[in-house]
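Trainee: let me see the structure of the following:
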Amino acid sequence: MFRHHRKLLLAALILHAAGLALHAGVDLGWVDNDGTPSGWLGARNATFILTLNISSSEATTGLDYFLVSNDGFVGGTSYFTMTNRDITGTSYNDLYFTDAQVEAPPGNILNPRTDSDLGGILNNVNNANVPGTYLVSKYTFLVANNTPFGTYTIQTTSNAGTGWIGEGPDFPESEFSHHASYSITVAAPQWNRDTGGSWATTTNWSDNIVPNVATGTANFLNRITIPSTVSMDGAKALNTLNVDSPVSYTISRGSGGTLTMGGTSPSINILSGSHTISTFVTFSSIGAVNVSSNASVVLSGTFTWSVNGTINVGTGASATLSGAHTIAAGRTLTRAGAGTLTISGTQTPGLGAVLNLTGGTTNINSTNGVPATATVIASTNLSMNISGSASVKLGADQTLKALTLSSVAEIGAQGLDLNSPATAGAFRSVRVYATDLAAAKSALWSAVVNAAANPGDGIVDSGVAAHLNSRLGIAIVPDLHGDQHVLLRPTIIGDLNFDGTVTIADFIDLASNFNAVGITWQEGDLNADGTVTIADFIDLASNFNATYAGEVFPISPEDAATLAQFAASHVPEPGLIGLTGVVILMLSRRRPMVGRTFLPAMRNRS
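Mentor: Here you go, the predicted model:
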């Protein structure tokens, strides 16, 4: 048979093998499609390639081995079949059979202890008897369609009394024990590189098929060991996209990448880890983005719902829409789950679009709609509904067609926080162009009133605390174009008409509704208790001629007298003298702002 060369030295190539008794002087190792000995991920009915190398520091003319896969051959069935054995540019001779014979079944299945036909002799005239690393063989295997998911071992072995061929007059035969072991994991088809790359490259997928069909699935699972970017490179179609990895994937546009989610109930599923999808995504069939508990995703590319859809963010999970976001005309997007959704990209909802918020916390940090100008009417396409246990926090003004919060009788707390900035004079506003403005104003004010008694259940403004003597108010007012709408914003207490200053006009509105029940801020309910009382008048009087920005104007004797007279006429004895004195004292403390003049128009006298 063959003889063992006693002077072979250990080479530098590290093989992917554990527990092998390698003699000094030789290294036999596998390299897979990924160009590394990292462990190939195979898929049913797919091919994978293994390259076998031999490294030696001495002349080596041949070897004798065969392949086995004990755990890949069960009950007379082999899970791996060799379909090709080709080393381009070299001369390779089978020890026992020709290439055609080796590739013909049943000799090409990995049947333990019978595959001696896979053995070979190294006989490359270019490197025979020359120390170095030699390409021994290159095998292409087909994974059987019935292979159970799991990890299997393919390894080289030899019979007793066989081994290496070497030079010299006295090299006795010895059993060859320098064998290479390789693990292959057979799993669902998936991204199969321990790095990034192009989506469009066939060999980057474990089944050698690029996912690109409306009924197809693309899996990005626990393959990578460092954060990696997959470039979509062109238009692709899918039904399901699964990302399940503790190491971060980024799915980028690359060269004009777009992804259309179609078929039946398409879904993007972030099952674990933190990931980014920056390619353009369009849902063409009713579907969902699902983020499992404690996972997170940033959707930074253009995202379009051309149909109804759902974003479901699980407990402890987060999703961020930082790219341009569109809900098509007449379509409804439902936000579900207990996690956090942040919308920060440009929003361009179509006419009649609806955003239903049914759970979790949603941060809306970009505007919906376009406010009116003197020459252009407001753009008001989106209706926003808050129900269930949803909590919404604004980071930008909103211009809406409708805004509804579920009835206070509904189980759970539905909250909207305007979250006004702390800068002096700054505020967050919500403008609603409902068909029935009076009904919309009444319903929204009820939510303000409810939140005053039940924190978190209704409409609040957590930023109002930074603005002295200010509260959240509501009124029907004209916009710059002259169109009436419901305006919800914080302002100085007593500013009923939202002109920014508490003036005699606000007092007249309050006085005309004194003792009325079931009215709103605009009519004088400043403390959100559902009626206009002397307590509301005191709040207004204490801020008379003050502005939301913190400025204070001098008060005229006529205005002071009017307020004092109202106080005197609406408080029964014996509190008359005391209350009138309090009002006069409050007004007398108003001082002109030194060095500052104000235009009469700012006083808004009537």
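Trainee: tell me the buried residues in stretch 470-489?
Mentor: Of the residues in stretch 470-489, those buried under the neighbour-count criterion (16 or more other CB atoms under 10 Å) are 470-476, 479, 485-489. Using the backbone N, CA and C atoms, a C-beta is placed for each residue, glycine as well.
Trainee: can you tell me the distance between the two ends of it?
Mentor: Its start and end residues considered, stretch 470-489 measures 10 Å (CA to CA, to the nearest Å).
Trainee: biggest strand in the chain by residues?
Mentor: Using DSSP state E to assign secondary structure, the strand with the most residues in the chain is strand 132-143.
Trainee: surely S248 is in contact with I277?
Mentor: No. Assessed by CB atoms under 8 Å, S248 is found out of contact with I277, at 11.4 Å.
Trainee: the two: which has the busier surroundings?
Mentor: With neighbours defined as other CB atoms under 10 Å, S248 and I277 compare such that I277 has more, 26 against 16.
Trainee: please name the residues that touch the more buried one.
Mentor: Contacts here follow CB atoms under 8 Å, 6 or more residues apart in numbering; on that basis I277 touches 250-251, 268, 297-301.
Trainee: show me which of the buried residues of stretch 470-489 is closest to R44.
Mentor: L488 (58.0 Å; CB to CB).
Trainee: tell me the spacing between W205 and F220.
Mentor: Between W205 and F220 the computed distance is 11 Å (CB to CB, to the nearest Å).
Trainee: what of V74?
Mentor: With the distance defined as CB to CB, V74 ends up 30 Å from F220.
Trainee: same question for N33.
Mentor: Applying CB to CB, one obtains 17 Å for the distance of N33 from F220.
Trainee: what of H467?
Mentor: Distance, H467 to F220, using CB to CB: 47 Å.
Trainee: what do you get for T77?
Mentor: In terms of CB to CB, T77 sits 31 Å off from F220.
Trainee: now swap in S278 and tell me
Mentor: When distances are taken as CB to CB, S278 and F220 turn out to be 14 Å apart.
Trainee: now list whatever residues contact both of those two.
Mentor: I251.
Trainee: and V74 and F220? Which one has more around it.
Mentor: Of the pair V74 and F220, F220 is the one with more neighbours under other CB under 10 Å, namely 21 against 12.
Trainee: can you redo the contacts of I277 as TSV with distance to M232?
Mentor: Converted to TSV, the contacts of I277 look like this (distance: CB to CB, whole Å):
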residue	distance to M232
T250	11
I251	6
I268	13
V297	16
V298	16
L299	14
S300	13
G301	9
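Trainee: narrow those residues to those in strands?
Mentor: 250-251, 268, 297-299.
Trainee: tell me the phi and psi of A440?
Mentor: Here the main-chain torsion angles of A440 (degrees, to the nearest 10) amount to phi -60, psi -40.
Trainee: pretty sure it sits against L487.
Mentor: No. Contact criterion CB under 8 Å: A440 and L487 do not qualify, at 11.0 Å.
Trainee: now the common contact residues for those two.
Mentor: With CB under 8 Å, 6+ apart as the test, A440 and L487 reach no residue in common.
Trainee: surely G425 and I492 touch.
Mentor: No. Shown here, G425 and I492 do not form a contact pair, counting by CB under 8 Å, at 10.3 Å.
Trainee: when these two are compared, which one has more neighbours?
Mentor: Between G425 and I492, I492 has the larger neighbour count (other CB under 10 Å), namely 24 against 12.
Trainee: leaving out the residues flanking it, which one is nearest to that one?
Mentor: For I492, the nearest residue in space outside its immediate sequence neighbours is Y548; the separation is 4.5 Å by CB to CB, 6 or more residues apart in numbering.
Trainee: over to N45?
Mentor: N145 (4.5 Å).
Trainee: got a pLDDT number for the one you found?
Mentor: Looking at N145, its pLDDT is 94.
Trainee: how near is it to Y152?
Mentor: The gap separating N145 from Y152 is 15 Å, by CB to CB.
Trainee: picking up where we left off before, any idea how far the residue nearest to I492 lies from D495?
Mentor: Remark: distance between Y548 and D495 (CB to CB) = 7 Å.
Trainee: hey, what's in contact with both of these two?
Mentor: Common neighbours of Y548 and D495 are listed as T501 (criterion: CB under 8 Å, 6+ apart).
Trainee: more crowded one of these two?
Mentor: Shown here are Y548 and D495; by other CB under 10 Å, D495 has more neighbours (28 against 25).
Trainee: so what's the more buried one up against?
Mentor: 473, 501-502, 506, 543, 548.
Trainee: and W30, that's in a strand?
Mentor: Yes. Note on W30: a strand contains this position according to DSSP: H, G, I helix; E, B strand; the rest coil.
Trainee: so what's it closest to, chain neighbours aside?
Mentor: The spatial neighbour of W30 that comes closest, neighbours along the chain excluded (CB to CB, 6+ apart), is Y182 at 4.2 Å.
Trainee: would you mark the buried spots in the helix or strand harbouring the one you found?
Mentor: With the criterion set as DSSP states H and E, the secondary-structure element containing Y182 is strand 181-186. Judged by neighbour count using 16+ other CB under 10 Å, the buried positions of strand 181-186 are 181-186.
Trainee: tell me the least confident of the residues you listed?
Mentor: S181 (86).
Trainee: quick one, helices of the chain?
Mentor: Defined through DSSP state H, the helices belonging to the chain, from first to last, are 99-103, 437-453, 504-512, 534-542, 557-570, 576-588, 600-603.
Trainee: what's the least confident stretch among the ones you listed?
Mentor: When the helices of the chain are compared by mean pLDDT, helix 600-603 comes last with a mean of 34.
Trainee: which of the residues in stretch 547-566 are buried?
Mentor: Taking 16+ other CB under 10 Å as the criterion, stretch 547-566 shows 547-548, 551-553, 555, 559-560, 563-564, 566 as buried.
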